[in-house]
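1. I'd like to go over a predicted model; first the sequence, then the structure.
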Amino acid sequence: MAASMIAAGVAHATSAANYVSNSSRPPHQAPAPATLLQKAGHYRWRICALLFCATTINYVDRQVLGVLAPDLGRIIGWNELQYASIVFAFQTAYAIGLVAAGAIIDRLGARLGYALAISVWSIAAMSHSLVATVAGFVVVRFLLGLGEAGNFPAALKTVAEWFPRRERALATGIFNSGSNVGAIVAPLAVPLIAVAWGWQYAFLFTGILSAAWLVTWLLVYRPPDNHPKLTAGELAYIRGDTEEPAAKLPWLRLLRYRQTWAFVVAKFMTDPIWWFFLFWLPKFLNSEYGLTLTKIGAPLIVIYLMADVGSIGGGWIAGRFIKRGWSVNRARKTAMLLCALAIVPIVFAVHAGNLWLAVGLIGLATAGHQGWSANVFTLPSDMFPRHAVASVVGIGGLAGAVGGMCIATFVGFLLQRTGSYVPVFLLAGFAYLVALAIVHGLVPRLKAAEFK
């Protein structure tokens, strides 16, 4: 399944390389000569495949708790507020980690920065098998959040280094679809492992995946300018449409730019919805439809398969609009609007009355979110030079994690007091449209940040 999605992405990307014209490019991009397109290879898509695998492992790690939550709640004896505190600990560490991760990865580079991040989160993931109290889970989830914070800043910095602007949304959509594959692998593998050997082994399982990826990354990855397997033609194609300012910008000065705040708003208002899906969706299906650990897999797989379609489709459709001669600004925001509209029907999911109708509405919303994310994640590389991308992503990721902390607290109190999911689904339905309106107000034309 994963291989087929990567292959599909490469096919789309190959076609994308043939449609670039001067009219489809914003003013700050130089035209790519036809000779560059003809000589360009496809090695950059192998790098994208590595990012896809890392993101898949990242989400398997964090999703194990969500899948096991109903059973662990009975085994360990936590209530809704205590479970919310465990989720809050992860979100807090994720926020702290993102503050440091962007700057560290911009300083160390994607190769060493990514390796450091996955080392920390794999050790933290396996440490879950050693604890059996609420306090213990708070500690290990905090450590997991610190490590996992490095995934998206490193991946997006890699995309900015390895892909021209016109392909970044598609590349981001492909690697970001790994979050959905991870959310599929977890409900498939975790129940089998937990039933056969115990819940502790479900957390140990992810350590093996992480170690294998880490070795592969260190052996394969080099920056494009120094990579022995990258052809001169493909390097010229990657670099052919961007003009980077020479001066580097101090991290804190990025907060002076409206472009930074546009990304911050988009992440703060919509990331919490995805965190809610990850950590509370299994509990929602358990409480509303009585799905147990061994029966929850099929609905979750359908939901996250739909999210996969949205992730790749959201990146593809923006590229398709650019092919038709649209500006990056118009194409990106139209794709974001379509994705935001797809999420609105989730307000009816609580009262669906039928499991599969609820699954369909939630799946449509997750597809919309992932398509939205594929375009939002591309905003920093649309508006900032490559050397600042990871830092901007880190700032926006911090905002998204703070939003996740807020929703963890809100949902915990809400369910403890009322047991109703209605307010959360109403919030999810309209957050994206409001976020898009604010983003458009801040950056009406997605103008590149001007450096003095």
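-> The structure has been received and is ready for your questions. Residues are numbered from 1 along each chain as shown.
2. check whether residue 229 really touches residue 43, as I assumed.
-> Yes: Residue 229 is within contact range of residue 43, at 5.8 Å (criterion: CB atoms under 8 Å). C-betas here are computed from N, CA, C, even on glycine.
3. neighbour count for those two, which is higher?
-> In this view residue 229 and residue 43 are compared by other CB atoms under 10 Å, and residue 43 has more residues nearby, 17 against 10.
4. any idea how far the more buried one is from residue 329?
-> Distance, residue 43 to residue 329, by CB to CB, to the nearest Å: 30 Å.
5. repeat that for residue 362.
-> For residue 362, the distance to residue 329 - CB to CB - is 31 Å.
6. higher neighbour count, the two?
-> Under the criterion of other CB under 10 Å, the comparison of residue 362 against residue 329 puts residue 362 first, with 26 against 16.
7. quick one: contacts for that one?
-> By CB atoms under 8 Å, 6 or more residues apart in numbering, residue 362 lies in contact with 277, 281, 303, 346, 349.
8. residue contacts, the last one?
-> When the contact criterion is CB under 8 Å, 6+ apart, the partners of residue 349 are 358, 361-362, 365, 425.
9. just for the stretch 151-300 of the chain, where's the confidence low?
-> 241-251 (pLDDT under 70).
10. one more time with 50, if that's ok
-> For the stretch 151-300 of the chain, the stretches flagged by pLDDT under 50 are 245-246.
11. which residue ranges of it form helices?
-> 151-162, 165-176, 178-197, 199-220, 232-239, 258-289, 297-323 (DSSP state H, counting those that start in this stretch).
12. and what of the stretch 301-450 of the chain?
-> Secondary structure of the stretch 301-450 of the chain (DSSP H, counting those that start in this stretch): helices located at 328-343, 355-376, 379-383, 386-417, 422-442.
13. need these in TSV (columns: mean pLDDT).
-> Shown next, in TSV, are those (pLDDT from 0 to 100):
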stretch	mean pLDDT
helix 328-343	94
helix 355-376	94
helix 379-383	86
helix 386-417	84
helix 422-442	95
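14. what's the closest of those helices to residue 297?
-> helix 355-376 (12.1 Å; CB to CB).
15. tell me the angle that closest one makes with helix 297-323.
-> Interaxial angle of helix 355-376 relative to helix 297-323 (axes from the mean of the first three to the mean of the last three CA atoms, to 10 degrees): 40 degrees.
16. and helix 355-376, how far from the chain's centre?
-> Mean-position distance between helix 355-376 and its chain equals 14 Å (CA atoms, centre = their mean, to the nearest Å).
17. and the angle for it with helix 422-442?
-> On the basis of the same axes, to 10 degrees, helix 355-376 is oriented at 20 degrees to helix 422-442.
18. and residue 441, how far from residue 212?
-> For residue 441 relative to residue 212 (CB to CB), the value is 45 Å.
19. my bad, should have said residue 337
-> 40 Å.
20. compare these two and say which is more crowded by neighbours.
-> residue 337 (17 against 12).
21. hmm, the more buried one is touching residue 436, no?
-> Yes: at 6.1 Å, residue 337 and residue 436 qualify as touching, with contact defined as CB under 8 Å.
22. okay, helices next: where are they in the stretch 1-150 of the chain?
-> Counting by DSSP H, counting those that start in this stretch, the helices of the stretch 1-150 of the chain are 2-16, 34-39, 44-76, 80-108, 110-127, 134-148.
23. which residues touch residue 254?
-> Neighbours of residue 254 in contact, by CB under 8 Å, 6+ apart: 260, 384, 388, 391-392, 395.
24. try 7 Å
-> Going by CB atoms under 7 Å, 6 or more residues apart in numbering, residue 254 touches 260, 388, 391-392, 395.
25. how much space is there between the spatially most central residue of the chain and residue 348?
-> Centroid-nearest residue in the chain, with CA atoms, centre = their mean: residue 176, separated by 4.9 Å. Between residue 176 and residue 348 the computed distance is 27 Å (CB to CB).
26. what sits closest to residue 185 if chain neighbours are left out?
-> Distances taken as CB to CB, 6 or more residues apart in numbering place residue 60 nearest to residue 185, at 5.3 Å, with adjacent residues excluded.
27. so the one you found sits right up against residue 184, yeah?
-> No: assessed by CB atoms under 7 Å, residue 60 is found out of contact with residue 184, at 9.3 Å.
28. picking up where we left off before, my read: the residue nearest to the centre of the chain touches residue 375, true?
-> No: applying CB under 7 Å, one finds residue 176 not in contact with residue 375, separated by 10.3 Å.
29. right, I'll call it a day here.
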